[in-house]
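A.B. asks: Predicted structure and sequence below. I'll ask about it afterward.
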Amino acid sequence: MPSAPVVFDIRTALVFAALMLGVGLFGLMRRRNMLLVLMSLELVFAAAAVAFVAVAHHVRTYNGQIFAVFIIMVAAAQAAIGVGLVVGLYRHRNSISTQHWTGLKG
Amino acid sequence: MAIVVFYALMVVGYYVTRFGFNATSRDTRLFTVLAGVVVMAATAFYFGRDLQRLSDVLRYGLSAVAIVAAVNVVTGQRPVHCALSLLLVFLAVAGLFVSYQAEFLGAILVSINAGAVIVAFLFILMLIDLRMSLARETSLPWNTVTALAAAGLAAVLLSAIGGPRNRPVSAPPPAYFAYQAYGAGIEPTRLGEPTPEEQEAVRLGLPHPLRPIRGTTRALGWELYTRYTVPFEVASLILTVAVVGAVVLGRIPRNTRAKGDA
C-alpha cells in the first residue's frame, strides 16, 4: 500500500485536475449522444477551473480566480450554443446521435 | 502517487456497489453492495487517518466524490442519471472552490452550472424522445482504445506534475497576509513578515487572529472591475453572442412553421 498522505497540497490538487481531465476526455471520445458529449466537455472545463483556483490559492493571488470566472462564463456560453445546436440538428435528423451527423465528412 | 491509488480504489468500490445493486439474486446483491461499501470505507479510512486539518479532509472527500461522479457521467447508461451525476460533480467542485477561499466562484458555479446548465440539459433530454436519445454507444475495443488514449494524456500530465514527494507545508509567503487583509478590506497592501502568532495560526489552518477573514469576494470584484475590465467586457460580449446564437439556432424556420411540425 502507498503511504497515506498528510495534506492535500497543490500537487494533489493538480493530480485531481489531471485525472478529471482524463475522465472528461474519455467521455468526449466515447459518447455518441451529443448531450453527453457536452456534459463531458463540462467536466473538462471544471477540471481546468479547479487547477486554476488551486494554484491561485497556492501562490496567494487573485489571477487564477479571475481566470476561473472566465472559464465558467465560457462554459455557460458553450452550453447555451451546444444545446441550441442539439435542438436544431435534432429537427433535421430526428436523432441526437453523433453518428447521424456526418454530412461534413465529404 | 498515493492519491491516484485513492481515487482508483474509490472508483472500484463504487463500481462494485453499482454492480451489486443491479444483481439479480438477493444474496449476491447484499454481499456485493456490502463489499463495495467496505472497499470505499476502508479506502477512506486508510487514506484519511493521518489528516490533521478539516480542510484537507474536506478536499479529499469532495475530490473523491467528484471523480466518482465524473466516472459515472462518462460511463452511465441513462442520460438523466448522467446529468444528475454532473450536478454532483459541480456541487463537489463548488465545495473545493470554497475550501480554496474562492467563495464567489463556488456560488456562481452552483447557480450557473449546477442550476442553469444542468436544467437546460435536462429540459432537452426530456423534450427529446428518450428512445431516440438512447444512442448506441461505442463498442468495447474502441472503448479500450479511447480509455488508453485518455489515460495516456493523464499520465503525461501526471509526469509533469511530479513524483511522490510529499513536501510539508512551507511557511506562507508574506503576500498571504496582504491577501487576507485585502479581502477583509482593512489594510489594503501591507506587505511584510508575518508575526509568530500569525504564522502559528496559518500553520494550524485557523482564521487570522487579528484580521478576520470576511471572504475574498470583495477583492475579487475589485480586481475584476479595475484591472480586468476589458476582458470582463469581452466576456459579456461573448455571452451576448451566445444568447443571440442560441435563439437563432433554436428558432423554427419560417417555411416549416406553417406545416406545424417540431
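C.D. replies: In hand now; what should we look at? Residues are numbered from 1 along each chain as shown, chains lettered A, B, ... in the order given.
A.B. asks: Residue B:46 in helix, strand or coil?
C.D. replies: Following DSSP: H, G, I helix; E, B strand; the rest coil, residue B:46 is assigned to helix.
A.B. asks: Test my guess that residue A:57 contacts residue B:97.
C.D. replies: No - taking contacts as CB atoms under 8 Å, residue A:57 lies outside contact range of residue B:97: 9.6 Å. The C-beta positions use only the backbone N, C-alpha and C, and glycine is treated the same way.
A.B. asks: where does chain B have its least confident helix or strand?
C.D. replies: helix B:175-184 (a mean of 48; mean pLDDT, DSSP states H and E).
A.B. asks: neighbours around residue B:226, how many?
C.D. replies: 8 (other CB atoms under 10 Å in any protein chain shown).
A.B. asks: if we can go back for a sec, looking at residue A:57 and residue B:97, which is more packed in?
C.D. replies: residue B:97 (26 against 21).
A.B. asks: show me the contacts for the closest residue to that one other than its chain neighbours.
C.D. replies: Once flanking residues are discounted, residue B:97 sits nearest to residue B:106: 3.9 Å by CB to CB, 6 or more residues apart in numbering or on different chains. Contacts for residue B:106 (CB atoms under 8 Å, 6 or more residues apart in numbering or on different chains) come out as B:94-95, B:97-98.
A.B. asks: same thing but 10 Å
C.D. replies: Contact partners of residue B:106, counting by CB atoms under 10 Å, 6 or more residues apart in numbering or on different chains, are A:53, B:90-91, B:93-100.
A.B. asks: What helix or strand is it located in?
C.D. replies: Per DSSP states H and E: residue B:106 is located in helix B:103-108.
A.B. asks: So for residue A:57 and residue B:97, which residues contact both of them?
C.D. replies: Residues touching both residue A:57 and residue B:97 (CB under 10 Å, 6+ apart): residue A:65.
A.B. asks: in the chain, what spans have low per-residue confidence?
C.D. replies: As the question left the chain open, I've gone with chain A. A:1-2, A:105-106 (pLDDT under 70).
A.B. asks: Not quite, go with chain B.
C.D. replies: Scanning chain B for pLDDT under 70 picks out the ranges B:129-139, B:162-199, B:201-202, B:205-215, B:255-262.
A.B. asks: so who does the most centrally placed residue in it touch?
C.D. replies: Central residue of chain B (CA atoms, centre = their mean): residue B:93, 2.7 Å from the mean position. Residues near residue B:93 by CB under 10 Å, 6+ apart: A:16, A:20, A:43, A:45-47, A:49-50, A:53, B:62-63, B:65-66, B:69-70, B:105-106, B:109-110, B:113-114.
A.B. asks: So which of those residues sit within strands?
C.D. replies: Among these, no residue falls in strands (DSSP state E).
A.B. asks: mind listing which of these are in helices?
C.D. replies: A:16, A:20, A:43, A:45-47, A:49-50, A:53, B:62-63, B:65-66, B:69-70, B:105-106 (DSSP state H).
A.B. asks: And the strand or helix carrying residue B:86, what's buried?
C.D. replies: Following DSSP H and E, one finds residue B:86 within helix B:79-99. Buried positions in helix B:79-99, judged by neighbour count with 16 or more other CB atoms under 10 Å in any protein chain shown: B:79, B:82-99.
A.B. asks: now swap in stretch B:145-153 and tell me
C.D. replies: B:146-147, B:150-151.
A.B. asks: first vs last residue of stretch A:24-42, how far apart are they?
C.D. replies: Using CA to CA, to the nearest Å, the end-to-end distance of stretch A:24-42 comes out at 8 Å.
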